[in-house]
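1. Fold the following and give me the result.
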Amino acid sequence: MPTAVSSVVNSYRDLEVWQKGMDFAAEVYRLAKLMPKAEEYRLVSQVLRAAASVPANIAEGNARGSRKEYAQHVSIARGSLAEAETFLVLAIRAGLLPGEEAGFALALADRLGRQLNVLRHRLTASSKA
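-> Numbers count the residues shown, from 1 in each chain. The predicted model follows:
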């Protein structure tokens, strides 16, 4: 019989925000395959690096010893997300990626950005209490 979902976090892998970051990165990898081969070492490499940095910074921040360091890594993840999102929009505007293909990734980025903002706020608010 299924049990209720536990809110216990044993690892960064248990965090919904990390899971959504991984979903975003995987979707960006899928989209990268649709871009022209000529962009492999230009825009594609940059968007992949930025997208992979999002869940990586969440994981690293979670593993750090303080809330302040965790909040800093969440901020870095938010910056990487904005960077990846910008590269996706540029790829659409430059005609390298169909906009309808990127819609899901951009929606994920929007939701993930809000989740990162909430997480950072909670980390910094609780450290001031």
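2. For this structure, just list every one of the helices.
-> Assigned by DSSP state H, the helices in the chain fall at 16-32, 43-63, 67-93, 99-128.
3. Rebuild those as a markdown table, extending it with mean neighbour count and distance to N10.
-> (C-beta placed from N, C-alpha, C; glycine too.) Output for those, formatted as a markdown table (neighbours: other CB atoms under 10 Å; distance: least, CB to CB, whole Å):
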| stretch | mean neighbour count | distance to N10 |
| --- | --- | --- |
| helix 16-32 | 19 | 12 |
| helix 43-63 | 21 | 11 |
| helix 67-93 | 19 | 16 |
| helix 99-128 | 16 | 17 |
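4. could you redo the ones you listed as TSV and give each row mean pLDDT?
-> Output for the helices of the chain, formatted as TSV (pLDDT from 0 to 100):
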stretch	mean pLDDT
helix 16-32	97
helix 43-63	97
helix 67-93	97
helix 99-128	92
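5. In contact with the nearest residue to A59 once chain neighbours are set aside, which residues are there?
-> The spatially closest residue to A59, leaving aside those adjacent along the chain, is Y12, at 4.3 Å (CB to CB, 6 or more residues apart in numbering). In this structure, Y12 makes contact with W18, I58, A59, N62, A63, judged by CB atoms under 8 Å, 6 or more residues apart in numbering.
6. now stretch 73-91, how far from the centre of its chain.
-> How far stretch 73-91 lies from its chain's middle: 8 Å, per CA atoms, centre = their mean, to the nearest Å.
7. could you dump it to CSV, C-alpha only?
-> Taking Å, rounded to 0.1, in the frame of the first residue of the first chain, the C-alpha atoms of stretch 73-91 are listed here in CSV:
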residue,chain,number,x,y,z
HIS,A,73,24.8,28.8,-4.5
VAL,A,74,21.0,29.1,-5.0
SER,A,75,21.7,32.6,-6.3
ILE,A,76,24.3,31.3,-8.7
ALA,A,77,21.8,28.6,-9.9
ARG,A,78,19.3,31.4,-10.5
GLY,A,79,21.9,33.3,-12.5
SER,A,80,22.7,30.2,-14.6
LEU,A,81,19.0,29.7,-15.2
ALA,A,82,18.6,33.2,-16.5
GLU,A,83,21.7,32.7,-18.7
ALA,A,84,20.4,29.5,-20.2
GLU,A,85,16.9,31.0,-20.7
THR,A,86,18.6,34.0,-22.5
PHE,A,87,20.5,31.6,-24.8
LEU,A,88,17.3,29.7,-25.7
VAL,A,89,15.5,33.0,-26.5
LEU,A,90,18.5,34.1,-28.6
ALA,A,91,18.5,30.7,-30.4
